[in-house]
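Novice: I would like the atomic coordinates for the input below:
(2 chains)
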Amino acid sequence: MPDPKLKGGLPPIAAWLRRLGLIAVESLWPPLLALALSFAVGSVIVLAIGESPLRVLSLIFLPGLRSVDGFAHVLFSATPLIFTGLSVAYAFRAGLFNIGGEGQLYMGAFLAAVVALSLPEAPRPVAMILGIAAAAAGGAIWGFIPGWLRARFGVHEVINTIMMNFIAVGLTGYCVEYYLQESGMIPHTAVIPEAFQLIPFARGPVGAWLGLNRANPLGFSIILALLAAIAVAFLFKRGVEGYRLRSVGLNPQAARYAGIAVGRVQMRAMAVAGALAGLVGVHEVLLYRHRYLDNFSTGLGFLGIAVALMGKNHPLGIVLAALLFGFLNTGALEIDLFTEVPRELVVVLQAMIILFVVAIGEMATRRRRRRRGRQ
Amino acid sequence: MKIALEHLTRSFPGIRAVDDVSLEFTSGRIHALVGENGAGKTTLMRLIYGMLRPDSGKIIVEDRERSFAGSQEAIACRIGMVHQHFMLVDTLSVAENVVLGAEPIKRGGIDREAAREAVRGDSGRIGLEVDPDALVGDLSVGQAQWVEILKVLYRGADFLIFDEPTGVLSPQEARFLFEILRRLRDEGKTIVLITHKLDEVLALADEVHVMRRGGFVGSIGGREADAPTLARMMVGRDVLFRVERPVETLGAPALEVRNLCLPRRRDQHPLSGISFTIRQGEIFGIAGVEGNGQRELAEVITGLRHHTDGEMLLEGEALPPLHPRRARELGVRHVPADRQRTGLVLQMDLKDNLILGEEDSAAVSRWGLFRPAALTSLANERIRSFDVRVSDLEQAVDELSGGNQQKLILARELAHELKVLVAAHPTRGVDVGAIEFVHRELIALRSRGLAQLLFSSELSELLALSDRIGVLYKGRLVTVLNAGETDEEELGLWITGARGEVESA
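Specialist: Numbering: from 1, shown residues only, chains lettered A, B, ... in the order given. Okay, the predicted model is just below:
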């Protein structure tokens, strides 16, 4: 039951989203409160350094809000986090903790690059489909393996997804260095064939119309990410598979009793979660670099856990949380350039947001439980 | 010790769990607190025990008003509670468990001899035979309960609350417990027994207090009370205790089990050489103390476990090893023993629970997507036909009473063509009204020619419903009796192994 007190004070947009069944209002305030609290603590740090918190705050958020180009940068930075956040949420729906987003996105990106490099003659439409499919497949395989180990042998997925991360880093690094490295010092592959390359919006017909600078990297991957979020949301809400994920996640014993093949649902969940993380390869290889760069991810898979946590494992929440992290990431550059505050403040902020989200969520749960007399 | 309650009220969102209750637990008596599930008995006791705080009203202990911030403070006031689910550490000894949290200290360590002495003293006085050095994990359920009692006594309680203490005991163990309770009373302790079993109340209580829907209905002396009166006070209407069981002619064998075996494993009690046949229109009861293979037997028949030897025949045809889904498709349906952990997904709403296991049937979904309208009408239809009392389809099932949860499971499992129903403890923890409903439903299914395997820890229930009763003891079907030719006394001897030769495995 939503608290009536909260309902009255809601911004109309939230009420509207709620009517659409997209978010539960009671899950909206903890992330917002966490955000406010972490900015408050952040302000203390900024004051201690001798800068104005308001100035830092405006440096973080203004560039993204001032211009379409700035906002496009934020979206670009948010794109991989949407994928990895969705990946974590999808597995979590089945009660599984996918800590393997990092490995899965490496494998997705790597396989996309390998497929592209080995098919130089592929016609454009085929190349597009193959490129995206390869990224998804690479991640899916890397997700399926821990899913299978869990379902078949009961090996906990937290352990084996972490191990799979190490394997992926080592494997891709080795392959790039020994077989695929373009001459030179940088451990990256050659540029992928043109047919596989996604062109940023800025250099397409809509770029000028939108007011994007030529160098703006935003491209098709954001559309793919949003489509993925919509698809996952729809599956969670209306899909039979979504129902199975939920029942297995909430009560595997009851699911098994009812004839749901728990192991298979878990394996599928991990494979799809892997595929979602693998789609980072579309963003990274097909759109951004047009090649595979060894060790490119700056912890995107792990940030996905934070994004999913902040977004309450709901696709819309994840998009919003990824956007917030996008703002923070782009803002980091600004505060580094224009203030005495180090850019690491942003990392500290991100970490605090997560801590507060978890703490507040737990407090809310306890309060609810206490009020219902279940303590 | 005397405790009086004055206008005690405690609300949870949406309900008044305890509503203006005033009553007095006089000293040195056995008080029974009875009421249907959800009547507020447990909440009331939690208020006294300091686990919850009242919204208003007074708790007066020995003429002094008290307000407890937690159960520690209640314990300090010599109030003790023996919980329904034991709170013991299996790997510690009896003495260690008894003193846990209030250990006698000697030279910076636990004074084990004092602990043993305390156990010996208390147990000897009230007639319990326990070895203070035995590991709690090795004790039987009945003995584990003794340890709980000793724990409460060790902390000096004069006011002892027992929450559904006989739920897990055999009749003999229960009778022994009653003996202990009487002795404690004769020592001057005040006993409160929370229960919904009327026969216990009638056998034991000096005073009976009845609650209904959070309110206090009235008190009645133990001697003046009788079952119909109490039931009327609890439910608010007359209740049928024994459903009519018409004589039916049995049909062809529906389920045959031959020499079924299951090995012993860490999480599994063994079954050895189980054989029986259930005919159409027959209810075959299984009696036994929990942990003698009932759960395993139910799970093998419904495909949740796989037997290693022996065979099963459904309407004469041998069954291959079953998966739960296949068993359902073949018409073997299961009302599981653990309603909340196995039968339902508590965090999901009513509608979703009503289709658990048939989410991909054409009735509710197409091409992998649910059809909301079809789902709603199907759910409504099932709720109506089984009289599940709910506010709306999106209600969380953990807000439902035990009886309504059970009706929900029945509504789901019986909505199909079925040949065999495996009903495990179908009335455990449900209120008197719902028990009547479930019993009627099972008898109606019997009249429609369904074969049923009924597990129950209530011997009276088995006797009332079953045509024949098999006794499961240490994984063996030690005897099969005609329900009309046996009684609780005889069954009680069989299920505890006091009768019948059991070969050592």
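Novice: Quick check: phi and psi at the residue of chain B most remote from its centre.
Specialist: The outermost residue of chain B relative to its centre, with distances by Cα atoms, centre = their mean, is residue B:107 at 44.6 Å. Phi and psi for residue B:107, reported as degrees, to the nearest 10, are phi 50, psi 50.
Novice: again with residue B:9
Specialist: Taking degrees, to the nearest 10, you get phi -140, psi 140 for the backbone angles of residue B:9.
Novice: check contacts around it.
Specialist: For residue B:9, the residues meeting the contact criterion (Cβ atoms under 8 Å, 6 or more residues apart in numbering or on different chains) are B:16, B:18-21, B:54-57. Placement of C-beta: from N, CA and C, glycine included.
Novice: nearest to chain A, of these?
Specialist: Comparing the contacts of residue B:9 against chain A with Cβ to the nearest Cβ places residue B:18 closest, at 10.0 Å.
Novice: how many other residues sit next to the closest one?
Specialist: 29 (other Cβ atoms under 10 Å in any protein chain shown).
Novice: mind listing what's buried in the host helix or strand of it?
Specialist: With secondary structure defined by DSSP states H and E, residue B:18 is part of strand B:15-25. Residues of strand B:15-25 classed as buried: B:15-19, B:21, B:23, B:25 (neighbour count, 16 or more other Cβ atoms under 10 Å in any protein chain shown).
Novice: Next: stretch B:391-402.
Specialist: By neighbour count on 16+ other Cβ under 10 Å, the buried set for stretch B:391-402 is B:397, B:399-402.
Novice: Kindly reformat the contacts of residue B:9 as a markdown table and extend each row with distance to chain A.
Specialist: Shown next, in a markdown table, are the contacts of residue B:9 (distance: Cβ to the nearest Cβ, whole Å):
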| residue | distance to chain A |
| --- | --- |
| B:16 | 12 |
| B:18 | 10 |
| B:19 | 14 |
| B:20 | 17 |
| B:21 | 15 |
| B:54 | 12 |
| B:55 | 11 |
| B:56 | 16 |
| B:57 | 16 |
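Novice: How about the contacts made by whichever residue of the stretch 151-300 of chain B sits closest to chain A?
Specialist: When scored by Cβ to the nearest Cβ, the stretch 151-300 of chain B has residue B:299 as its residue closest to chain A, at 8.9 Å. Neighbouring residues of residue B:299 by Cβ under 8 Å, 6+ apart: residue B:305.
Novice: what residue ranges in the chain are flagged as low confidence?
Specialist: I'll assume chain A. By pLDDT under 70, the low-scoring segments of chain A are A:1-27, A:370-375.
Novice: think we crossed wires, I meant chain B
Specialist: B:13-14, B:37-38, B:238-242, B:501-505.
Novice: That one against chain A: which residues are in contact?
Specialist: Counting by Cβ under 8 Å from any Cβ of the partner chain, chain B comes close to chain A at B:10, B:12-14, B:17, B:43, B:46, B:51-52, B:302, B:304, B:323-328, B:334, B:336, B:341-348, B:352, B:356-357, B:359-360, B:365, B:368-370, B:372.
Novice: what helices or strands is the lengthiest helix in chain A leaning on?
Specialist: Longest helix of chain A, by residue count under DSSP state H: helix A:124-153. When contacts are defined as 3 or more Cβ pairs under 8 Å, 6 or more residues apart in numbering or on different chains; DSSP states H and E, helix A:124-153 packs onto helix A:68-93, helix A:101-118, helix A:157-175, helix A:262-278, helix A:280-281.
Novice: give the contact list for the residue lying closest to residue A:296 once chain neighbours are set aside.
Specialist: Of all residues not flanking residue A:296 in the chain, residue A:284 sits nearest, at 5.9 Å (Cβ to Cβ, 6 or more residues apart in numbering or on different chains). Residue A:284 sits next to A:80, A:105, A:109, A:293, A:296-297 when contact means Cβ under 8 Å, 6+ apart.
Novice: any idea which of those residues is closest to chain B?
Specialist: Taking Cβ to the nearest Cβ as the measure, chain B lies nearest residue A:105 of these, at 26.9 Å.
Novice: burial of residue 52, as a residue count?
Specialist: Just so you know, I chose chain A. For residue A:52, the count of nearby residues is 14 (other Cβ under 10 Å).
Novice: Correction: the question concerned chain B.
Specialist: Quick note: residue B:52 (other Cβ under 10 Å) scores 22 neighbours.
Novice: Then residue B:82?
Specialist: The number of residues packed around residue B:82, counting by other Cβ under 10 Å, is 22.
Novice: same thing with residue B:377?
Specialist: Other residues close to residue B:377 by other Cβ under 10 Å number 13.
Novice: repeat for the one 5 residues further on
Specialist: The number of residues packed near residue B:382 is 21, by other Cβ under 10 Å.
Novice: Also residue B:485?
Specialist: Neighbour number of residue B:485 under other Cβ under 10 Å is 9.
Novice: One more: residue B:186?
Specialist: Around residue B:186 there are 10 residues (other Cβ under 10 Å).
Novice: how much space is there between it and residue B:180?
Specialist: Using Cβ to Cβ, to the nearest Å, residue B:186 is found at 11 Å from residue B:180.
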